[in-house]
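Asks: Please find the sequence and the predicted model below.
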Amino acid sequence: MPFRDALQRAQDLGLDLVNVAPAAKPPVCRIMDYGKFRYEQQKKEKEARRNQKIVEIKEVRFSANIDEHDYQVKLRNVVKFLKDQDKVKCSVRFRGREIAHANIGQRVLERLAEEVGDLAVVERKPKLEGRSMIMILSPKESK
């Protein structure tokens with residue numbers, strides 16, 4: 001219907017003429033209470049924000065020559081973070097001349113990935129960046 005007729009009809013009903021699809025040919029308008037419409041939209045957006053899970057990235061640092069007990073403590077932390085559905089950034093920091101033996105740090109990260117294989121997926125394989133080797137684990141989808 002023509003714009004003027006639609007506008008007159010909306011004013012007679014005490015409502016607003018809202019352009020719902022301006023890109024369409026011809027543009028699509030709807031007669032409704034715009035204030036109520038905005039309120040409902042804001043309510044839906046607020047509900048969606050409340051229900052979404054914010055994925056945090058937790059970091060656990062290892063060293064190339066880590067002792068067994070220290071490794072087990074950090075492994076427990078990684079497992080705890082993964083059970084909380086958080087991503088885990090595992091890094092091995094090389095100090096001094098340790099960088100010459102980056103394969104030792106890689107073995108530490110691969111062992112970790114193997115031990116948490118039932119809980120996590122390796123999102124990013126161990127990769128050397130500067131003086132540290134980084135691997136990212138993300139939790140497996142819970143059913």
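Replies: Noted; the coordinates are in hand.

Asks: And the contacts of the lengthiest helix in the chain?
Replies: As assigned by DSSP state H, the longest helix anywhere in the chain is helix 34-51. Contact partners of helix 34-51, identified using C-beta atoms under 8 Å, 6 or more residues apart in numbering, comprise 16, 18. C-betas here are computed from N, CA, C, even on glycine.

Asks: so after that helix, what's the next helix or strand?
Replies: As assigned by DSSP states H and E, the chain's next helix or strand after helix 34-51 is strand 57-63.

Asks: name the helices or strands packed onto that following strand?
Replies: Packing contacts for strand 57-63, counted by 3 or more C-beta pairs under 8 Å, 6 or more residues apart in numbering; DSSP states H and E, involve helix 68-83, strand 87-93, helix 102-115.

Asks: now, of those, which is deepest in the fold?
Replies: Stretch with highest mean neighbour count among those: strand 87-93 (a mean of 21; mean count of other C-beta atoms under 10 Å).
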